[in-house]
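Student: Predicted model follows, preceded by the sequence.
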Amino acid sequence: MKIRIIILVLFFSLPADSLGQTSLSQGFQMLEDGKLAAAERFFDEAAKLNPAGKTEMLCYARAIGLQDRPEEALSIFQELLLQYPGDYELGLNEAEAYMWLKRYDAALGAYQELLSRDSSNFVANLGCANAHSALKQHELSLKYIRTSLALEPDNKSATISKKYILLANSELQRNLHRFQEAEDYLQEILRDFPKDKEALINLAILDLMRQKPGKAANHYEQLREQEPYEALLGTSYTSLLLGRKGRSMRLARQAMQLPDRPDDLRAEISYINSLGARQQFTKAREIVDELLLKHPDQEQLILAKGRLKVWGEEFREGIATYALLDTVSNFPVLMSLAEADRAMGDRTAAIERIDQALRVQPMSLDAARLKAEIQRERATMMDMAYSVSTDVSGITARISRATISVPVLKKHRLIAGAYLRKLNEEGQEQTVRQTIFELGDVWEISPKTKIRGTVGAAVASNTDKDPKLLYGLKLDQKLRKYHHLGLGFNQELHNYTPALVSSCITMSHYSFTYSFARERLPGIYSQIMHSKQTDNNSRNLQFLSLYYSLFPSPVLKTGINLLHFSFEKSRPELYFSPQEFSSYEIFVQSDNLYVNRHRLKYAGMLGLGQQKIDQLNPQFTVRTELKLGYQLLPQIMLYGFHQYSSAAQTTAVGYSSTIVGLSLEARLFKQ
């Protein structure tokens, strides 16, 4: 921030003989009113009539100095000081002339010498404050401005100087990431100047750096009357951060249509970003191309064009667009390239770009946060959980789980896990244990293609059978921008009751999934699965979820789930296996699990529906899920969760069940 130095207007004491010279009063008034050219002519004539008059020459020097002729003014002041050594008033004017000339060290030395003679002089304290401020010695400048105002509390010039000194101090603290100290200085400005434009804008910037877009939006709203353009742009940006993309677009459009708006492209860039965030790429690109015809070398437009390419998953075209700009020392370009590298799955290159950007702006929080996000994505991850499941049939299961995944090379992540399930059935003393160990690899072939393969071994305490080997293979494929396909094969053991554990029945699932998700359109998730079992039974399952996102961040969506499955053979003595099962469920779901700025996380779901089992009458069902978490450290999250369901498909025996538990997630990376 460029801090404006308030030029002192000295109301100097005149010698006794001058006070009677009412002929000079007209010239004094000209100086006070800022009519400097007239004052120059007036005091030039006065000095010719009275060549020995100190007051006439002093006023003449001030008149020319304030008209951008500070060298001449300083020369006159110094000549007068030779005639009147030690004259305090002349010393003040000499110091001010140094300020005009931006010789701040000389000005500071002059003010300090004057204060050593009279520490209670208001003008000397005010000048010393401004000199320290110009030298970016902000804490010292604040000390002297407070002294000035203690001497003259109602002095307008000193109060304005204090405002800009406080702004400078706030910026210094903000750049050092001392956010509370920075805010305290800005709040002090608002006590002197309620709704001050610069203080409110800086408070908004501060809250954006603290990842508090809601508070920043409130500050921008207060600017609506005095600075509508800044207010609209600020609230458009904060709305985008808060996930209110439609509102962001409307506010940007309003800023574009203001009659007396500044001659810049910030409103257009804001509108383009909002369109891109809403995936309206065609319209956004048309606007960019049209503006580039008028402003072919405008950096922000070229950045916007590249950004739209990356958001539209045209990664290489986006990088080629950024390459038209300075890719060595331009901070926004380097950050944009880092985002593109990350989107392409090349996290190593992305971190190298960010390190390069941090050499340009070492204190950038945006760069540091993006680097930390990418490091978390490639961090070693550990997940530990413990839960207790109960149902109305008297079965209690205590489940312990520990998994770890370690990144290797650029595109692989090795995974290992151990699962322990302890089962008790009401009326039986024996505890049955099932233990599963698993190893696997996730291969991220490209940003659109991922393969996961696993192999595991399961052993049970109530059987002498050899460990069962379990295999899994899954392909996730992103088609174009909004469509995802999944093909999978995986095996698991029936394990809900002690009898099922001892049966060692293995299920082999063959699945196909398809999903569609696009802004402002209904979403789809569907699954078709065929399961073959080692007891010569099989199951066919179809699932469809239709939903609509009411709000993207935090997530709020509602929809309907439809499920149908059937077993070839019914074996109710061992597990829930109806020959016909169908259900529907209307649900509401909300979470903020992916909102990084919140340390307190939550996820909740309520589903109400109906199920029909074979020829039985339809039954009403309720399903609830609640998950609460807290970020203990940037690398560690602690969650507690509770699940309840009266839907038969959630257990292998068809009873309602409740699950409660705790989980700890840790990402091991250098912060």
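Tutor: Received it, and whenever you're ready, just let me know what you need.
Student: does the most centrally placed residue in the chain sit in a helix, a strand or a coil?
Tutor: Nearest residue to the geometric centre of the chain (Cα atoms, centre = their mean): residue 211, 4.9 Å. The three-state assignment at residue 211 reads coil, by DSSP: H, G, I helix; E, B strand; the rest coil.
Student: That one against residue 595, yeah?
Tutor: No - contact criterion Cβ atoms under 8 Å: residue 211 and residue 595 do not qualify, at 9.5 Å. Using the backbone N, CA and C atoms, a C-beta is placed for each residue, glycine as well.
Student: OK, contacts around the residue nearest to the centre of the chain?
Tutor: 596-597 (Cβ atoms under 8 Å, 6 or more residues apart in numbering).
Student: again, 10 Å this time
Tutor: Shown in contact with residue 211 (Cβ atoms under 10 Å, 6 or more residues apart in numbering): 241, 365, 369, 595-598.
Student: among those residues, which ones are buried?
Tutor: residue 241 (16 or more other Cβ atoms under 10 Å).
Student: Distance of residue 483 relative to residue 617?
Tutor: For residue 483, the distance to residue 617 equals 39 Å [Cβ to Cβ, to the nearest Å].
Student: more crowded one of the two?
Tutor: residue 483 (14 against 6; other Cβ atoms under 10 Å).
Student: beta partners of the more buried one?
Tutor: residue 479, residue 516 (DSSP bridges).
Student: close enough to count as contact, it and residue 513?
Tutor: No - in this structure, residue 483 is not within contact of residue 513 by Cβ atoms under 10 Å, at 11.3 Å.
Student: tell me the pLDDT at the residue nearest to the centre of the chain?
Tutor: At residue 211, the predicted lDDT confidence score is 89.
Student: Could you do the one 3 residues further on as well?
Tutor: Looking at residue 214, its pLDDT reads 92.
Student: ok, now which ones touch it?
Tutor: 207, 238, 241-242, 597.
Student: So which of the residues you listed belong to helices?
Tutor: Secondary structure assignment by DSSP state H places 207, 238, 241 of the contacts of residue 214 in helices.
Student: Just name the shakiest helix or strand of the protein by mean pLDDT.
Tutor: When each helix and strand of the chain is scored by mean pLDDT, DSSP states H and E, helix 16-19 comes last, with a mean of 38.
Student: following it, which helix or strand shows up next?
Tutor: Using DSSP states H and E, the helix or strand that directly follows helix 16-19 along the chain is helix 25-32.
Student: Packing partners of that next one?
Tutor: helix 36-49, helix 54-65 (3 or more Cβ pairs under 10 Å, 6 or more residues apart in numbering; DSSP states H and E).
Student: and residue 316, helix, strand or coil?
Tutor: Residue 316 - assigned by three-state DSSP - is helix.
Student: Buried ones in the longest helix anywhere in the chain, by neighbour count?
Tutor: Identified as the longest helix of the chain according to DSSP H is helix 156-175. By 16+ other Cβ under 10 Å, the buried positions in helix 156-175 come out as 157-159, 161-174.
Student: And for stretch 385-393?
Tutor: Buried, per 16+ other Cβ under 10 Å, within stretch 385-393: 385, 387, 389-391.
Student: Please apply the same query to stretch 430-446.
Tutor: Here stretch 430-446 shows 432, 434-436, 438, 440, 442, 444 as buried, counting by 16+ other Cβ under 10 Å.
Student: swap in stretch 171-188?
Tutor: Quick answer for stretch 171-188 (16+ other Cβ under 10 Å): 171-174, 179, 182-183, 185-186, 188.
Student: Please apply the same query to stretch 351-366.
Tutor: Quick answer for stretch 351-366 (16+ other Cβ under 10 Å): 351, 353-354, 356-358, 360, 364.
Student: Which one of those residues is nearest to residue 230?
Tutor: Among those, residue 364 lies closest to residue 230 (Cβ to Cβ), at 22.5 Å.
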